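1. From the sequence below, what's the structure:
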Amino acid sequence: MYRGHYVLDALRFQAALDEEGEEEVSRSLTALCKSSPAKRLRFSRTSRSRSNREALVIGTNRNMREELQQMVDTLEDTLDGMKEFLFFLELYPRMLRQPYGAYLFLDNCMFGRQTERQRILNFLMCPSATPDLDILPIVGPIRVGKSTLVEHVCRNESVRDRFSMILFFPEGSVKDEGVIDLRENNIKFRNQNFASPNRFLIIIEIAKDINDETWRRLKSSTTCMTPCGGSKIIITSRSDRIVNLGTTEALRLDYLSQEAYWHFFKSIAFGSTNPAGEHPKLATMAMEIALELRQCFTSAHIAAGILRDNLNARFWRTVLECVRESKQTNLLMFDQHPYLRLREDAPVYCWRLVKKHRYFLICNYHPSDSSENVPKINLRDIMLGCGGKQPCGEFEALAWRSRIPPYYNYRVSCKMQAPQLRVGRKKRVHQEEEHFV
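-> Numbers count the residues shown, from 1 in each chain. Sure thing, here's the model as predicted:
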C-alpha cells in the first residue's frame, strides 16, 4: 500500500515539477535571447538529470512509469486471490486509515507497527504452556522505536488487567553485581493491579548484552515472587546476542521504509489535506526533504512542523536548499550522511536560517524522562534564528517532546561552531551521494 501511494505521488509531483521547469526554461531563454548559446545551455533540462532524480525518489534504476506499471501488476496479482484475502482480513482488527486519517491520531497514537504490536499482544495474552517464564526478545538498531512500541502495548487495558504488576528496568539499571530486588527505587512501576492474579510483566532495556549471572538472578527473583507462574519478560536490545535468551522467536524491528516514512512526514506537514491536489509544488519539495531525513522520526517532527507553519513556496525552497547544503557540509567534514551519523550518536552539523551563522554542531542526542527538567532553549528556535537572544558557545536544547508513551523529551548538546571545510574532496563527496542513491 505504502509503495503504491509513494510511486503515484512521485509521478504526480514529477509532472508538476516538469511543467514548472519548462515554464522556467522558457522564461529564461526569452530573457537571454541575445546571450551566447553557452549561457542558454545552462537552462536545458537533460534526460540524464531527470533519470537521476527519478532513481533517487523511487530507489531503483527503473523510471517512474515502469515502476507504476510494476505496482499495477502487483495489485492485479493480489486481486486474483481477493476472496481468500477478504476472508482472512475479517479475522483481524480494523486499522486506522493512513496517511490522512493518521494525522488525527499522531499526537496520541503510534504510527504504523500494527503487525509488531499485534505480535507482542499475542505473546502477552497467550497462556503459558509451561510454568517457566516466557521471554520475548526485541532486537533493533538505536532509535528504531523499541521502547515506544513496548510502552504502547503496555497501555492496552487487556494487558493491564492480565498482569498484577508491570515493572520496567531502564537501560543501565540492571547491575552485574548484587541481588536483584524487584522493588528497588531505580525500577519503575508501569502498572499495579491487585485484582488480577499474581503475575508480573517485566520489561528490560539493555544497550548490548546482559551478563549470564545477572540474567539468572533476575529470572530467579521473578520466579520466587510469582510462584503460580504466568509471568513474562520482554527484553529489548540493539544486539543480536539477546536472541538466544528468548523462549519464542525474537521480534526484529527496522526503520520504516522510505514509502511509509513519506506517509508519516506528509501527514505532519500537510495535515488532513491532500497535497497532490492542493499543494503539488510544496509536496514535491516535501518529498525531497523527506528523502534526505533518512527515516529519522525526530527530524520529521521538527522539519515537517517548520514547513507546516509557513505554507510558502519560497520558504520551503529555502529549507530544501539548507537541507541539501547541510548534507554536503557533513559529507565534506565526515564522509558520512548527517542522519546516518545521528543514528550512531556522532557529532553532526545542523543548518540554520541565519546568514551570519549558517551552522551549529550537535554533539550529543539523547532522550530523557518526562519528569526531568528540560532546557529552555528550543532547537527549532535555533534553526530559525528566532525566540529572542541566541546562545553562544556550548548549550543544551530541547529537540522535541514526544506526545506518545513513554513521553520522552529529546535533548541535544550543542556548540555554536562553524565547520572548517576541507578542500580537494568534492569528487569524494559526489561518490558518497551516488552511494546513498
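
2. What are the structural domain limits within this structure?
-> Domain ranges of the chain: 1-93, 120-252, per automatic domain parsing.

3. Just the C-alpha atoms of stretch 202-215, please, in PDB.
-> Provided in PDB are the C-alpha atoms of stretch 202-215 (Å, rounded to 0.1, in the frame of the first residue of the first chain):
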ATOM      1  CA  ILE A 202       9.000  -7.300  33.400                       C
ATOM      2  CA  ILE A 203      10.400  -5.100  30.700                       C
ATOM      3  CA  ILE A 204      14.200  -4.800  30.500                       C
ATOM      4  CA  GLU A 205      16.100  -2.300  28.300                       C
ATOM      5  CA  ILE A 206      19.800  -3.000  27.600                       C
ATOM      6  CA  ALA A 207      22.100  -1.500  25.100                       C
ATOM      7  CA  LYS A 208      24.000  -4.600  24.000                       C
ATOM      8  CA  ASP A 209      24.300  -7.700  26.100                       C
ATOM      9  CA  ILE A 210      23.400  -8.900  29.700                       C
ATOM     10  CA  ASN A 211      25.700 -10.800  32.000                       C
ATOM     11  CA  ASP A 212      24.700 -14.600  32.200                       C
ATOM     12  CA  GLU A 213      24.800 -14.500  36.000                       C
ATOM     13  CA  THR A 214      22.700 -11.300  36.200                       C
ATOM     14  CA  TRP A 215      20.200 -12.900  33.900                       C
END
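
4. contact partners of it?
-> Here stretch 202-215 makes contact (Cβ atoms under 8 Å, 6 or more residues apart in numbering) with 146-147, 150, 154, 166-172, 174-176, 180, 182, 190, 218, 222, 231-239, 241-242, 245. C-beta coordinates here come from the backbone N, C-alpha and C atoms, glycine included.

5. let's see it at 6 Å
-> 150, 167-171, 176, 233-237, 239, 241 (Cβ atoms under 6 Å, 6 or more residues apart in numbering).

6. coming back round to it: worst mean pLDDT among the domains of the chain?
-> With a mean of 62, domain 1-93 has the lowest mean pLDDT of the domains of the chain.

7. Just want the most central residue of the chain.
-> Central residue of the chain (Cα atoms, centre = their mean): residue 297, 3.1 Å from the mean position.

8. now for stretch 222-239, what's the gap between its first and last residues?
-> 24 Å (Cα to Cα, to the nearest Å).

9. Please name every helix or strand in contact with the lengthiest strand in the chain.
-> Ranked by residue count under DSSP state E, the longest strand found in the chain is strand 359-368. Here strand 359-368 touches strand 348-351, strand 409-415, going by 3 or more Cβ pairs under 6 Å, 6 or more residues apart in numbering; DSSP states H and E.

10. Identify, out of those strands, the most deeply packed stretch.
-> strand 348-351 (a mean of 22; mean count of other Cβ atoms under 10 Å).

11. tell me the angle of the longest strand of the chain relative to strand 409-415?
-> Angle, strand 359-368 to strand 409-415, by axes from the mean of the first three to the mean of the last three Cα atoms, to 10 degrees: 150 degrees.

12. just how off-centre is strand 359-368 within its chain?
-> Distance, stretch centre to chain centre, for strand 359-368: 17 Å (Cα atoms, centre = their mean, to the nearest Å).

13. which outside residues touch that strand?
-> For strand 359-368, contacts defined as Cβ under 6 Å, 6+ apart pick out 347-350, 408-419.

14. State the pair within these that is farthest apart.
-> Among the contacts of strand 359-368, the pair separated by the greatest distance (Cβ to Cβ) is 408 and 418, at 30.3 Å.

15. quick one: which of the two has more around it?
-> Remark: of residue 408 and residue 418, residue 408 carries more neighbours, 20 against 13, as counted by other Cβ atoms under 10 Å.

16. Neighbours of the closest residue to the more buried one other than its chain neighbours, how many?
-> Beyond its immediate neighbours in the sequence, the residue positioned closest to residue 408 (Cβ to Cβ, 6 or more residues apart in numbering) is residue 367, lying 3.9 Å away. When neighbours are counted by other Cβ under 10 Å, residue 367 registers 18.
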